[in-house]
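With the input below, show me the fold.
(4 chains)
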2 protein chains.
Amino acid sequence: MTAHLDDYDRKLLAEVQKDARIPQNELGARVNLSTAAVNRRLKRLSDDHVIERYTAVVEPGAVGYPLMIVVTVEIEREQMDLLDSMKRTFEACPQIQQCYYVAGEWDFVLVLVVRHMDQYNDLTRQLFFGNNNVKRFKTLVVMDRVKAGQNVPVHIEP
Amino acid sequence: MTAHLDDYDRKLLAEVQKDARIPQNELGARVNLSTAAVNRRLKRLSDDHVIERYTAVVEPGAVGYPLMIVVTVEIEREQMDLLDSMKRTFEACPQIQQCYYVAGEWDFVLVLVVRHMDQYNDLTRQLFFGNNNVKRFKTLVVMDRVKAGQNVPVHIEP
DNA sequence: TCTGAAAATGGACCTTT
DNA sequence: AAAGGTCCATTTTCAGA
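Below you'll find the predicted structure:
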């Protein structure tokens, strides 16, 4: 499953995770490869789905979503079709940035961005109060986004 | 604070959040703008920090981090310098993808990617058991990453 | 908005291990 | 075979008119 990545690949991944717009010749200079080799490796990493996609990260506050909220959700019954339909509902909600189905004290963890508390209130009605498979949920209001991103460590550790 | 974005900006942001490698002429075709106009707008959005950065999203499983874990942490005392040092510790830990300081039943929510349970165990020793300002923490093991990303909705809603 | 120069990408082809 | 390097055509970016 795990692709065999060498040291060059790891260095490249570290760089493009930090900044995907560094030109390939500059990347080559940093890792000691020709631009053509960098080009081939990046293409391979994309083809192999090691690199899932390239994206622009938008600052939520700058587009009118200054409020971030984490929600833990417990459900009533762990029934396949109910689960799937909940997952699809969460997936389809644009304000939900992330949705994880988890094992432990809760069943779902959601991370959402909203315009203001009123919008969050509306969403709780739609998503939680309006769904009779939701047993209870807890709201955690984010006061400081200490660290955010999808970066995966790529350094050589056991 | 909120930059004044028009409809073109929003459409562009929606597109580059989905895929940051679409060439500007193609973007222009999609939103009905010349490539030069697209170019200027994207530059402005970057300069204004509406677009924070461009990044490659790496599939954690493909580089040996198949396990994702959400942790909620409660701390002993909410003292400024202790808080700051905890934030810095969490920020510096490569396995911690996201760290939110929150209000509610917990103080921190962490999202981490690890190689296997043993690595997570080690991390709990370092980060939680080894820190006497941590009162308690709860582990939620992610079974399904239903939705992941940093996408911010940019459509026109109240 | 149009035009063109400069930069970046990505393929062809040859060489090394 | 697998991967690197050089060279070159094509595509993309980006600024001035």
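
which ones are touching A:Leu123?
Residues in contact with A:Leu123, defined by C-beta atoms under 8 Å, 6 or more residues apart in numbering or on different chains, are A:Cys93, A:Gln95, A:Leu112, A:Val114. Placement of C-beta: from N, CA and C, glycine included.

Mind checking which of those residues are in strands?
If you go by DSSP state E, those have A:Leu112, A:Val114 in strands.

Redo the contacts of A:Leu123 as a markdown table? Include pLDDT and neighbour count.
Conversion of those to a markdown table gives the following (pLDDT from 0 to 100; neighbours: other C-beta atoms under 10 Å in any protein chain shown):
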| residue | pLDDT | neighbour count |
| --- | --- | --- |
| A:Cys93 | 97 | 17 |
| A:Gln95 | 98 | 21 |
| A:Leu112 | 98 | 25 |
| A:Val114 | 98 | 21 |
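
Using JSON lines, lay out the contacts of A:Leu123 together with distance to chain B.
Output for these, formatted as JSON lines (distance: C-beta to the nearest C-beta, whole Å):
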{"residue": "A:Cys93", "distance to chain B": "9"}
{"residue": "A:Gln95", "distance to chain B": "6"}
{"residue": "A:Leu112", "distance to chain B": "10"}
{"residue": "A:Val114", "distance to chain B": "9"}
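
now, which of the contacts of A:Leu123 sits nearest A:Gly104?
The closest of the contacts of A:Leu123 to A:Gly104 turns out to be A:Leu112 (C-beta to C-beta; 20.0 Å).

That closest one and A:Pro94 touch, don't they?
No: applying C-beta atoms under 8 Å as the test, A:Leu112 and A:Pro94 come out as separate, 9.5 Å apart.

I'd assumed A:Phe108 was in contact with A:Ile96.
No: contact criterion C-beta under 8 Å: A:Ile96 and A:Phe108 do not qualify, at 10.0 Å.

who touches both of those two?
Residues touching both A:Ile96 and A:Phe108 (C-beta under 8 Å, 6+ apart) are A:Phe90.

circling back to that earlier point, and the contacts of A:Leu123 as JSON lines, adding distance to A:Gln24?
Shown next, in JSON lines, are those (distance: C-beta to C-beta, whole Å):
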{"residue": "A:Cys93", "distance to A:Gln24": "38"}
{"residue": "A:Gln95", "distance to A:Gln24": "36"}
{"residue": "A:Leu112", "distance to A:Gln24": "37"}
{"residue": "A:Val114", "distance to A:Gln24": "39"}
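
what comes up buried for stretch A:143-158?
For stretch A:143-158, the buried set under the neighbour-count rule, 16 or more other C-beta atoms under 10 Å in any protein chain shown, comprises A:Val146, A:Lys147, A:Ala148, A:Gly149, A:Gln150, A:Asn151, A:Val152, A:Pro153, A:Val154.

brain fart, stretch A:11-20
Going by neighbour count (16+ other C-beta under 10 Å), the buried part of stretch A:11-20 is A:Lys11, A:Leu12, A:Leu13, A:Ala14, A:Glu15, A:Val16, A:Gln17, A:Ala20.

Contacts only, for the first one.
Applying C-beta under 8 Å, 6+ apart, one finds that A:Lys11 lies in contact with A:Arg30, A:Val31, A:Val154.

How about the secondary structure of it?
Classification of A:Lys11 by DSSP: H, G, I helix; E, B strand; the rest coil places it in helix.

any idea how far it lies from B:Ala56?
Distance, A:Lys11 to B:Ala56, using C-beta to C-beta, to the nearest Å: 13 Å.

contacting residues for the closest residue to A:Asn151 other than its chain neighbours?
Once flanking residues are discounted, A:Asn151 sits nearest to A:Gln17: 4.9 Å by C-beta to C-beta, 6 or more residues apart in numbering or on different chains. By C-beta under 8 Å, 6+ apart, the residues touching A:Gln17 are A:Asn151, A:Val152, A:Val154, B:Thr55, B:Ala56, B:Val58.

Which parts of chain A are strands?
Using DSSP E, the strands of chain A run over residues A:51-58, A:67-75, A:96-103, A:108-114, A:134-147.

check whether the first one contacts chain B.
Yes: judged by C-beta under 8 Å from any C-beta of the partner chain, strand A:51-58 and chain B are in contact via A:Ile51, A:Glu52, A:Arg53, A:Tyr54, A:Thr55, A:Ala56, A:Val57, A:Val58.

List the residues that contact the closest residue to the fifth one other than its chain neighbours.
Spatial nearest neighbour of A:Thr55, chain neighbours left out: B:Ala20 (5.1 Å); criterion: C-beta to C-beta, 6+ apart. Taking C-beta under 8 Å, 6+ apart as the criterion, B:Ala20 is in contact with A:Ala20, A:Tyr54, A:Thr55, A:Ala56, B:Tyr54, B:Thr55.
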